[in-house]
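Student: Have a look at this fold, sequence not included:
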């Protein structure tokens, strides 16, 4: 998101705006928020979800870092050792030990 877009959206984004930034469906954005993976707040009498723009940017950066680490893990010699990879490795899931508790929500 460039500076002009960020300024026009304001500090808080609706779920629709969040979904647009992430290029996912509204339902997928809702799932990210409801699961707690993407921090958000409920405001107003109807309890509408809002995601702070800075939190969304941090979330995106964290996903890039997670992807980078996963790639490095899969390229390492340790990525092929079942004892280190644990049960996820046996299921064919190539995520590293730090990523085993996470599930894909997209």
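Tutor: That came through fine. Bear in mind the structure is a predicted one, so any value in this text is a computation, not a measurement.

Student: in this structure, which helix has the most residues?
Tutor: helix 53-75 (DSSP state H).

Student: same question for that helix, mean pLDDT?
Tutor: When pLDDT is averaged over helix 53-75, the result is 92.

Student: Buried residues, it. List them.
Tutor: Neighbour counts using 16 or more other Cβ atoms under 10 Å place 53, 55, 56, 59, 70, 73 of helix 53-75 among the buried residues. Just so you know, the C-beta spots here come from the backbone N, C-alpha and C atoms, and that holds for glycine as well.

Student: Let me have those in CSV, extended by distance to residue 32.
Tutor: As requested, the buried residues of helix 53-75 are exported to CSV (distance: Cβ to Cβ, whole Å):
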residue, distance to residue 32
53, 15
55, 11
56, 10
59, 8
70, 18
73, 23
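
Student: Closest to residue 21 out of those?
Tutor: Nearest to residue 21 among those is residue 56, at 6.3 Å by Cβ to Cβ.

Student: if I look at the closest one, how far off is residue 24?
Tutor: Here the criterion is Cβ to Cβ, to the nearest Å. By it, residue 56 lies 12 Å from residue 24.

Student: Same check on residue 30?
Tutor: Counting by Cβ to Cβ, the gap from residue 30 to residue 24 is 10 Å.
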